[in-house]
Every structure is written in structure tokens, then in C-alpha cells.
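Peer 1: can't give you the sequence, but here's the structure:
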């Protein structure tokens, strides 16, 4: 795959006369590339849509979704771009380093365009971490430096500058000049550098609250601001017994959980921060800025990220997709928040020393799986 991360200028969206013609997946990808090179993104999308249904192997599916993300990014359709890039990541089963780099760069640019710098920075860092090519690393580092500088974070900007390999990279001299000007303006010839940790775990796709139609948090439920997360608790929802696998069914279940927690329990919001459906989709529950209502009492909820799998696992295993998603989510949360795996609990285990409190949650099967994977999760 070539390097085409939507760095091209926007052109007209003229529909090619070849659009809609019958082509193979590979042929459609090539035609889409030609259209992209001419700035015809809408036309390219028509070829990619056809190729997406014809793609037979993961490599083709990854390339189709990667190019689809590039087109949406160029057309300023950032939510669609993010979805396409995550589909490309899922299809990249061989963990091809070039595809990983391109997907991470695409995601970073889409999040940055939405002014979601924390997510953008994370994905730019992924791009640096998952390629060994110094030139490609420098492209991501320059975006990181400029983004940090724009937000007045001179220490981080300096750190990204210090990691550069080739000071002749296009745009580097301008970035350094601006950084030094800002440093002098603040009375320092050079700010201190920050220790930048490169990620070892790729961020999972998390379906936001708007996707499942979440209500607003209720002030009457007395929401509490989340302190720095330092532990996690894993639950099962218990109902329904069989976790939903269709996206629409899972979204409806999310709304049902929130309705029960707000209307019946009187809580501010859905109890958990993340939920996983039967197909392994990860859904955003309560926003991370708010403490959850899942561990058993306010003391146990403090600094505690709530993760819940849809389904009942007293008598059956979570689906293979749920297991994979749980491991990825916990790995990412451990690395992102610096949480040691010894501070990951099942609901049953975190309650064991609480008088008059007990539960079967998260079920014997999920509890056993959690114990098996904890030794393999990242350590800060």
C-alpha cells in the first residue's frame, strides 16, 4: 500500500464515468487511488464502496477501509473517517506496520480536526511507536510538536523536538523557530522536557454516547467528579442472559440499562464507564470524568473504572469477541492510566471484605477468564 493519508489538496468531486462499472476489488482499489490522486474523493468512494463488498482477504479489506477513511477525512467528514479507520485496523489481522502507521495517522488527524487533542496525541504517538522508519516517525513527531505548541504546552513540544531524527524534514525549521520564540517570550531559552511514553497497545474503537442515544447525566443523581483512576472492576450485566450481537440491539440494551439506572435506581447515569456487547463492540457508558456507580459503595467507586460485559456468565462463557475486546480494553486502560493489573478486580472479589455484601457478578466463567489474562496485561 502506498502512503496516502489524505495529505492531498481538496479538489472537485466530479463523478468519474467509470464509477459503478463492474470491477474486481483490486481493480476498484486502483481506480479509487487514481480518483484520489486527482482530488475526486466522492468518485473514489463509489469505487471503494463496491470494492468493500468484493474484498475477499483481510489485506484488501484493510486497504479499502483505509482509503475510505482518507476520502472522508479530505471531505471533512471526520466521524465517518474515524469509523473507516477503525474498520481498517480490525481488518489488519497481520499487524502490517505500514497499515498500522497509516491508520494511526489518519485517526490522529481526524481527532485533531475535531479538536480532540488528547485522542489525537495518543494516535500520533501510536504512529511513532508502531513504525521503525525514522522518516515516518518524524512526520508524526512534527504533528505532535506543532499540536503541543498550539496548545501552549512548550515542555511537550520540546520533548517531541528532541526525538527528531532528521532536522531537515519539511516544516521542522519553522516549528523550531516558533518554539524558540515562544520559549523566549516566557523568559526561557529552553523549557524542561517531558518524559514521553510511547504506547505499546493500540487504542480500541469506543462507540460514543451519541451513537446509542444516551440521555444527559442527571444532576438529581448527585454525580461525583472522578478522581485519578487507579483501579478497575469487571462486571457482567446478568440481563439478558445472551449478549446482543447486532448493533441496533446492543444500542437498545444500552438505553435500557441507562433507563433502569436513572429511573429505577435514581443514579445520575448508567453505572459503568465501558460496556462490551456480544460482537465485541466497546460502548462508552458514563463519561470518565464522572465516578461510576458499580462497585458497591462510594468508597469502592472512588478512582474505579467500571467495565461491564453484556450477558450472564454464571453458566456460560463470554463470546470469543467479548474476550478479545475485554483484553484489549483492559490493556489500553492499564497503559493509558498507569494502572497495575493487580488493581483489576472482579465485582465479587472487590466486595469480599465488605460486610453484608456479596454477588455472583461477573459470573464464574468471566471471573476465571479475568484471572487468566491479568498476568499478561501491561504493567506501568
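Peer 2: Noted; the coordinates are in hand. Quick caveat, the model's predicted, so the values are computed rather than measured. Numbering: from 1, shown residues only.

Peer 1: Mind listing residues that contact stretch 92-110?
Peer 2: If you take CB atoms under 8 Å, 6 or more residues apart in numbering as the criterion, stretch 92-110 is touched by 1, 3-6, 58-59, 62-63, 66, 69-70, 73, 78, 81-82, 85-86, 88-89, 119-124, 126-127, 130-133, 136, 139-140, 143, 202. Any C-beta I mention is one placed from the backbone N, CA and C, and that applies to glycine too.

Peer 1: Among these, name the buried ones.
Peer 2: 4-6, 59, 62-63, 66, 69-70, 73, 78, 81-82, 85-86, 88-89, 119-124, 126-127, 130-131, 136, 139-140, 143, 202 (16 or more other CB atoms under 10 Å).

Peer 1: any chance you could map the strands in this protein?
Peer 2: For the chain, the strands defined by DSSP state E occupy 206-207, 231-236, 274-276, 282-284, 304-309, 344-346.

Peer 1: Sort out for me which of the contacts of stretch 92-110 are in helices.
Peer 2: Those of the contacts of stretch 92-110 mapping onto helices are 58-59, 62-63, 66, 69-70, 73, 78, 81-82, 85-86, 88-89, 119-124, 126-127, 136, 139-140, 143, per DSSP state H.

Peer 1: Can you give me the domain assignment for this protein?
Peer 2: Using automatic domain parsing, the domain parsing of the chain gives 25-185, 206-376.

Peer 1: mind checking which of those is nearest residue 196?
Peer 2: With CB to CB as the measure, domain 25-185 is the member of the domains of the chain nearest residue 196 (5.0 Å).

Peer 1: and the closest one, average pLDDT?
Peer 2: Per-region confidence: domain 25-185 scores 95 on mean pLDDT.

Peer 1: Quick one: end-to-end distance for it.
Peer 2: One end of domain 25-185 sits 55 Å from the other (CA to CA, to the nearest Å).

Peer 1: Counting neighbours, what do you get for residue 163?
Peer 2: Applying other CB atoms under 10 Å, we find 16 other residues in the vicinity of residue 163.

Peer 1: swap that for residue 200, sorry
Peer 2: 12.

Peer 1: my guess is it meets residue 336, correct?
Peer 2: No - counting by CB atoms under 8 Å, residue 200 does not reach residue 336; the two are 11.2 Å apart.

Peer 1: Just the pLDDT at residue 16, thanks.
Peer 2: 43.

Peer 1: what sits against the spatially closest residue to residue 209 that is not a sequence neighbour?
Peer 2: Computed as CB to CB, 6 or more residues apart in numbering, the closest residue to residue 209 that is not its neighbour in sequence is residue 284, at 5.4 Å. Counting by CB under 8 Å, 6+ apart, residue 284 makes contact with 206-209, 273-274.

Peer 1: Tell me the spacing between residue 371 and residue 344.
Peer 2: 10 Å (CB to CB, to the nearest Å).

Peer 1: Name the residue in the two with the higher neighbour count.
Peer 2: residue 344 (23 against 12).

Peer 1: who does the more buried one bridge with?
Peer 2: With DSSP bridges as the criterion, residue 344 is bridged to residue 232.

Peer 1: show me the residues around it that make contact.
Peer 2: Residues touching residue 344, when contacts are defined by CB under 8 Å, 6+ apart, comprise 231-234, 330, 334, 370, 374, 377.

Peer 1: From residue 180, how far off is residue 255?
Peer 2: Residue 255 is 52 Å from residue 180, by CB to CB.

Peer 1: do residue 301 as well
Peer 2: To residue 180, residue 301 is 46 Å away according to CB to CB.

Peer 1: So which of these two has more stuff around it?
Peer 2: Between residue 301 and residue 180, counted using other CB under 10 Å, residue 301 has the larger neighbour count: 20 against 14.

Peer 1: and the more buried one, what is it in contact with?
Peer 2: By CB under 8 Å, 6+ apart, the residues touching residue 301 are 224, 291-295.

Peer 1: Please apply the same query to residue 251.
Peer 2: Neighbouring residues of residue 251 by CB under 8 Å, 6+ apart: 211-213, 283.

Peer 1: can you check residue 246 too?
Peer 2: Counting by CB under 8 Å, 6+ apart, residue 246 touches residue 279.

Peer 1: same deal with the one 10 residues further on?
Peer 2: Contacts for residue 256 were tallied using CB under 8 Å, 6+ apart; there are none.

Peer 1: I'd say residue 357 and residue 295 touch.
Peer 2: No - using CB under 8 Å as the test, residue 357 is too far from residue 295 to be in contact (10.0 Å).

Peer 1: Quickly list what's touching both of the two.
Peer 2: Both residue 357 and residue 295 are contacted by residue 351, under the criterion CB under 8 Å, 6+ apart.

Peer 1: Comparing those two, which residue is more hemmed in?
Peer 2: residue 295 (25 against 13).

Peer 1: thought the more buried one was touching residue 350?
Peer 2: Yes - the criterion here is CB under 8 Å, and residue 295 meets it with residue 350 at 5.8 Å.

Peer 1: Can you check which residues contact both of these two?
Peer 2: Listed contacts common to residue 295 and residue 350 are residue 233; contacts here mean CB under 8 Å, 6+ apart.

Peer 1: Any chance of a PyMOL selection covering the buried ones in the contacts of residue 301?
Peer 2: Command for PyMOL that selects the buried part of the contacts of residue 301, burial taken from 16+ other CB under 10 Å:
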select buried, resi 291+292+293+294+295
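
Peer 1: will you turn the contacts of residue 301 into TSV that also has distance to residue 243 and pLDDT?
Peer 2: Listed next are the contacts of residue 301 as TSV, based on distance: CB to CB, whole Å; pLDDT from 0 to 100:
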residue	distance to residue 243	pLDDT
224	29	97
291	26	98
292	20	98
293	21	97
294	18	97
295	22	96
